[in-house]
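J.: have a look; sequence and predicted model below, questions after that.
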Amino acid sequence: MLDIEVIADPAAAEASLDPIRTRILHELSEPGSATQLAGRLGLPRQKVNYHLKALERYGLVELMEERRKGNVTERILRATAASYLISPAALAQVAPDPHRFADRFSAFWLLALGGRLVEELGQLITGAAQAKQKLATFAIDGELVFRSAADRAAFAAELGDAVARLVDKYDSGPTGTPGGAGRKHRLVVALHPTLKAPSTIPLPQEQNND
């Protein structure tokens, strides 16, 4: 089972968005049968079977084993991943294209870069799994607080300069490293405000009329 599976097929994406099928995928993080799922979800077994067949058709669940019980064969299924992410490739005609514009201070360009990251990583993970090879990746995630917009701008400028120096130091150019073919890598550095926590409004206290 993958930690995350990226769905690129439009039909598979559509199939996964059905609320009942989403619940089934969640339940099948551990192997289970249609009968077991029907009991957990409070749905008729025939309805669960219908949705399971659709999910299996698009490769979102897989058969783990078959158990013979009298004249009945119980199929044990499991989701192919713990979590799923829909790739922009599923909306290829309207997917954001980072090449249309390049503005380091544009939230929309950052979103387009993020979409491309999901699409490319989905393909790379699939290829690495088929080749039974480990995929070499690296990421940094953290939070920091700026005292002012000027500090944020200064940080972005220094970060850009530092990254440019590292690229100049390690980039072997389009021909690859001397004496061998280098592997091209994608580098994306992002900075954006964190989401604000939802505000909690205290409920009015009941008056004591005693």
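T.: Yes, it's here.

J.: which parts of the protein are strands?
T.: Ranges of strands within the chain are 2-7, 61-69, 72-79, 81-86, based on DSSP state E.

J.: looking at those, which is closest to A190?
T.: Nearest to A190 among the strands of the chain is strand 81-86 (17.1 Å), distances taken as Cβ to Cβ. C-beta coordinates here come from the backbone N, C-alpha and C atoms, glycine included.

J.: off-centre distance for the closest one?
T.: Taking Cα atoms, centre = their mean, to the nearest Å, one finds strand 81-86 lying 6 Å from the centre of the chain it belongs to.

J.: give me the nearest residue to the spatially most central residue of the chain, chain neighbours excluded.
T.: Ranked by distance to the mean C-alpha position of the chain (Cα atoms, centre = their mean), the top residue is L85 at 3.7 Å. If the residues on either side of it in the chain are set aside, L85 comes closest to V6, at 5.1 Å by Cβ to Cβ, 6 or more residues apart in numbering.

J.: the one you found and I125 touch, don't they?
T.: Yes. With contact defined as Cβ atoms under 8 Å, V6 and I125 form a contacting pair (6.8 Å).

J.: more neighbours: those two, which one.
T.: Neighbours per residue, other Cβ atoms under 10 Å: of V6 and I125, the larger number sits with V6, 22 against 17.
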